[in-house]
Structures are given as C-alpha cells and as structure tokens.
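Peer 1: Here you go, sequence then predicted model.
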Amino acid sequence: MRLATWNVNSLRSRIERVEAFVQRHDVDVLALQETKAREEQLPLMGLQSLGYEVASVGYSQWNGVALLSRVGLEDVQVGFEGMPGYGDPVAPEARAIGAVCGGVRVWSLYVPNGRKPDDPHYVYKLDWLARLREASRSWLGEDTALVGDWNIAPLDSDVFDIEQFRRSTHVTPPERAAFQGFLDDGYAEVTREHAPGYTYWDYYRQRFERDRGLKIDFVLGSPGLAARTTGAFIDRDERAGTGASDHAPVVVDLAD
DNA sequence: ATGGTGGGTTTCCCA
C-alpha cells in the first residue's frame, strides 16, 4: 500500500496537480491538509472517476483536511476523542480527519501553526498536541498512521538556518517535546531514514530554488505500521514550477 | 526588525 501526505494549500487551486500526482505515483491513500474549502465546494469528480473515495472537512479559508482512498474508506471520524477538532468556537477549525483505509487507520492532521511563541495560538498548539497524544495512545495496538503537517521541526538540521528561528515557533523546546512525546509513547517517524531533506519552502525569496526550507511534514506509525514500512520519498518535483503548493508531498510504502 | 509570495469569503487575514 502506498500512502502519501500533502499540504496542498487550497485543493481547489491545486486539483489538477493532485489528480496528476496520484496517477503519477500510483497512490492508494492520500491525506491532504489546508484544503481551504468546505466539502460542497470541492470539485472531486475527477478523483472519484479515478476510483478514489473522498472524505473531507473544512470551514474556513485557511484550514481543512481530507482523505482520498482507493482501498476503502471506512469509519470516518472528524477530530479525535477528547478533542472535537474544532478548536475555536468562534472560528471553527478542521484539523483532523481519520478513516480506516485498507486496514490502516490513517489520520490526516494539520497541527496548529502557533503564530508566535507569545501568542495564544501557541498555547492552543501545545494543548491540541497534548490532546492528540492522549487520544493516540489507544491506537498504538492497531496499524495507525498519524500523517500531515506537524508544524514542528524536531531537529536543528530540519531548518535551513536555525539562527533565523531563534524566536519563532516550530523549533521551541515545548513543541519539540510535544513531538517527542509521541515517539516516547511508541510511535515511530517512518519517513526520515528513507527521505532526507525538507518538505516545505516559503514562496518568497526563492526559498525552494535555494533549498532553504523546513522539514515539518511527517508520518508517525504505530509499531505495527512502522514494521511494514519499506520506503519513503519526498516528491520535490511537485514543489517546482508555477502553481505549486509551498509543501511537497511525502510518500510512504507499506508491505501488505 | 522587516519584508518577501500566494491562498482565501480579499482593500485584510492567514500561512
């Protein structure tokens, strides 16, 4: 089974790229983040005609998540136990959607950005991660994949210039501790060893052309899922050219 | 410290 995760930065503006991507790489399950659309806005007939079932949730113009699967899409859940997934009742947010696809429970996650370390959204980010961690402990016994845009760079080498991030989110000790917590519980990040390099590059200052990016998109697998991982890669080609998302897709192969 | 680009319900907000 081939599983991929991609922060598409608007599914409507990227639909042709998404359709080409799943065909080019023969993807079975694709987790999308920052779909930036409500379900009824999405033009997904093309994907459905390619054999994919679709589940999506989105409310605002800056988030939303989706799952595409051609190996079954069962027991769809929005949010996770203990955390509805709608963080702010004033500005509803959709940051987690999960389903059982081909026997694997896949969660497409869009971890809050946090904005600034002294911003309330930063506190919300840590709280959200703590609630996800609490819920995710009960999924360790199944083949579970927590995939998406974690908005955390676990290592200094995951940032093109760590000095520039001294006072920024994504690299603070509490965020890194939150990420490490999942590993302490028994999850394993399964892409890094196969797929070095960044997954996100800012649009401006030619960051991609100069390879000045961040590694913030990850696939965390339960022990059962991690044991099935045979390889992974980052599709940097998808970040190139006009009309690209600012994130590249991350692809993982799992043994049957 | 600032600004750069690209998405969205676009003359502002978000990443």
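Peer 2: Nice, I can see it.
Peer 1: going forward, measure contacts and count neighbours with C-alpha atoms only.
Peer 2: Will do.
Peer 1: middle-most residue in chain A, spatially?
Peer 2: The centre of chain A sits closest to residue A:148, judged by C-alpha atoms, centre = their mean, with a distance of 1.0 Å.
Peer 1: Now that residue. Nearest residue, chain neighbours left out?
Peer 2: Counting by C-alpha to C-alpha, 6 or more residues apart in numbering, residue A:109 is the residue found nearest to residue A:148 once chain neighbours are left out, at 4.8 Å.
Peer 1: cool, residue A:238 as well?
Peer 2: residue A:248 (5.9 Å).
Peer 1: and what of residue A:29?
Peer 2: Distance criterion C-alpha to C-alpha, 6+ apart; nearest residue to residue A:29, sequence neighbours excluded, is residue A:69 at 4.4 Å.
Peer 1: ok, the closest residue to residue A:78 other than its chain neighbours to residue A:254 distance?
Peer 2: Spatial nearest neighbour of residue A:78, excluding adjacent residues (C-alpha to C-alpha, 6+ apart): residue A:97 at 4.5 Å. Using C-alpha to C-alpha, to the nearest Å, residue A:97 is found at 21 Å from residue A:254.
Peer 1: and the residue located most distally from the centre of chain A, helix, strand or coil?
Peer 2: Most distant residue from the mean C-alpha position of chain A: residue A:163, 25.5 Å away (C-alpha atoms, centre = their mean). On the three-state scheme (DSSP: H, G, I helix; E, B strand; the rest coil), residue A:163 is labelled helix.
Peer 1: Mind listing the strands the host helix or strand of residue A:55 pairs with, and their directions?
Peer 2: Using DSSP states H and E, residue A:55 maps to strand A:53-57. Using DSSP bridges, the strands paired with strand A:53-57 in its sheet are strand A:65-69 (antiparallel).
Peer 1: now the strand it pairs with, how far from the chain's geometric center?
Peer 2: Relative to its chain's centre, strand A:65-69 lies at 11 Å (C-alpha atoms, centre = their mean, to the nearest Å).
Peer 1: on that earlier part again, would you agree the residue nearest to residue A:238 is in contact with residue A:200?
Peer 2: Yes: Residue A:248 lies in contact with residue A:200 (C-alpha atoms under 8 Å); the separation is 6.3 Å.
Peer 1: So between those two, which is more surrounded?
Peer 2: More crowded of residue A:248 and residue A:200, by other C-alpha atoms under 10 Å: residue A:200, with 26 against 23.
Peer 1: Now do the same contact list for the closest residue to the more buried one other than its chain neighbours.
Peer 2: Take residue A:200 and drop its neighbours on the chain: the residue closest to it by C-alpha to C-alpha, 6+ apart is residue A:247, 4.3 Å away. Shown in contact with residue A:247 (C-alpha atoms under 8 Å, 6 or more residues apart in numbering): A:6, A:7, A:8, A:9, A:199, A:200, A:201, A:239.
Peer 1: how close does residue A:247 sit to DNA strand B?
Peer 2: Distance, residue A:247 to DNA strand B, using C-alpha to the nearest atom of the strand, to the nearest Å: 10 Å.
Peer 1: Could you do residue A:193 as well?
Peer 2: The gap separating residue A:193 from DNA strand B is 25 Å, by C-alpha to the nearest atom of the strand.
Peer 1: burial of that residue, as a residue count?
Peer 2: Neighbourhood size, residue A:193 [other C-alpha under 10 Å]: 10.
Peer 1: Report the beta-bridge partner residues of the residue nearest to residue A:29.
Peer 2: Per DSSP bridges, the residues bridged to residue A:69 are residue A:29, residue A:53.
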